[in-house]
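1. Pasting a predicted model and its sequence here:
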Amino acid sequence: SSFTLVGIGEFDKNTNDKHPVVVKIETGTNKDYFIGFNRAVGPNAQNVEADNEVTIVQVNGGNGLDYGQSYLKAHLLSDEVYTENHFANTGEPLSIKVNSIDLSTE
């Protein structure tokens, strides 16, 4: 599937388009993945890593609903791909590709 993300710092400018700030990939385990756009404006203007990149974070416990340790698995620019082999113990890969990054604010 494909979707357009918006950074938290620009969410108020894109509410009419209903773009998500974060997308959860449910694994059926307590180690879910979250995809977001780390737009370096507003509250995120002082980022120290992955400015204006798509981030992939895995939580270890809590199913993303409670506190759990999280790990930055990847940060991607346009045309980059992250692949998790043996996704959720299925033996199948999960690939996440960033088609493009648009830094203009409409």
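-> Cool, got the structure. Numbers count the residues shown, from 1 in each chain.

2. Tell me the secondary structure at the residue nearest to the spatial centre of the chain.
-> Relative to the mean C-alpha position of the chain, the nearest C-alpha, by Cα atoms, centre = their mean, is the one of Ile35, at 1.6 Å. Following DSSP: H, G, I helix; E, B strand; the rest coil, we place Ile35 in the strand state.

3. now the closest residue to it other than its chain neighbours: how far from Lys13?
-> Ranked by Cβ to Cβ, 6 or more residues apart in numbering and with sequence neighbours excluded, the top spatial neighbour of Ile35 is Val23, at 4.6 Å. Every residue, glycine included, has its C-beta placed from N, CA and C. Val23 is 19 Å from Lys13, where distance means Cβ to Cβ, to the nearest Å.

4. pLDDT below threshold where in this structure?
-> 14-17, 105-106 (pLDDT under 70).

5. can you give me the strands for it?
-> Assigned by DSSP state E, the strands in the chain fall at 22-25, 33-37, 54-60, 69-76, 81-84, 94-97.
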